[in-house]
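> no FASTA, just this:
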């Protein structure tokens with residue numbers, strides 16, 4: 001297995017409708033799916049702004065748009081805002097368990113409720129079991145599914161990959177009825193604390209898109225580092 005970026009083959013998709021910005025076309029750069037991947041190679045690609053969806057590693061590569069900007073939290077420098085601190089305290093009663101798979105009814109039923117009530121306008125609606133497993137599963141041995149329980153009830157799942165320098169927040173879904181808990185925010189704060197405990201430097205949040213409400217929330221976590229012009233800088 002190679003971990004050299006020089007040996008990688010990458011391809012681009014044909015232009016297709018953008019999932020985030022209305023009336024925009026998108027093009028995606030992705031790593032050859034036949035390329036063997038391990039944690040070391042995956043970590044190097046993450047530093048260059050790549051993400052994964054299932055076993056596919058990709059990065060936006062649009063000719064006329066650069067709105068999708070890779071973002072990560074430097075965990076040692078991060079200080080929660082007042083509202084985030086309140087959310088953290090509010091959820092101290094939750095129990096967290098880690099599992100190696102997500103192919104069970106308990107998790108899928110929660111995902112189904114989440115997508116059906118929160119993302120009916122997205123390309124993951126209607127929820128489909130095969131698509132769900134393909135999207136969130138990984139075969140590289142660095143993924144953990146952190147399950148958050150309120151008593152005996154599953155209320156959130158955070159899909160997290162461990163990289164050499166940090167954690168990658170792949171996706172979080174939660175009980176849409178538990179609005180007071182702000183579980184999406186709590187899951188990110190929890191991953192920041194976990195990265196600190198593990199001695200890691202970053203939590204990778206995926207793409208910050210300022211013009212898209214569903215993706216612009218990432219700037220609520222400060223300091224936030226963004227990847228532009230082939231280097232990471234701190235967002236002011």
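Perfect, thanks for sending it. From a predicted model like this one, the values you see are computed outputs, not experimental measurements. Residues are numbered from 1 along each chain as shown.
> please make it C-alpha for all contacts and neighbour counts, starting now.
Fine.
> quick check: residue 37 touching residue 140?
Yes: taking contacts as CA atoms under 8 Å, residue 37 lies within contact range of residue 140: 6.9 Å.
> could you check which of the two has the larger neighbour count?
Just comparing residue 37 and residue 140: by other CA atoms under 10 Å the higher neighbour count belongs to residue 37, 19 against 13.
> my read: residue 185 touches residue 84, true?
Yes: assessed by CA under 8 Å, residue 185 is found in contact with residue 84 at 7.3 Å.
> so for residue 1, what's the pLDDT?
For residue 1, the pLDDT comes out at 51.
> could you pull out the strands for this structure?
10-12, 16-17, 25-26, 28-31, 51-53, 56-60, 69-74, 95-99, 143-150, 153-162, 166-174, 202-208, 224-228, 231-235 (DSSP state E).
> rebuild these as TSV, extending it with distance to residue 116.
Below are the strands of the chain laid out as TSV (distance: least, CA to CA, whole Å):
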stretch	distance to residue 116
strand 10-12	31
strand 16-17	22
strand 25-26	25
strand 28-31	27
strand 51-53	20
strand 56-60	25
strand 69-74	27
strand 95-99	24
strand 143-150	20
strand 153-162	15
strand 166-174	11
strand 202-208	23
strand 224-228	31
strand 231-235	34
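> to residue 121, which of the ones you listed lies closest?
strand 16-17 (14.0 Å; CA to CA).
> neighbouring strands for that closest one, and are they parallel or not?
strand 25-26 (antiparallel) (DSSP bridges).
> buried residues in the longest helix along the chain?
In terms of residue count, the longest helix belonging to the chain (DSSP state H) is helix 183-198. Buried positions in helix 183-198, judged by neighbour count with 16 or more other CA atoms under 10 Å: 183-189, 191-196.
> now residue 109: how far from residue 136?
For residue 109, the distance to residue 136 equals 14 Å [CA to CA, to the nearest Å].
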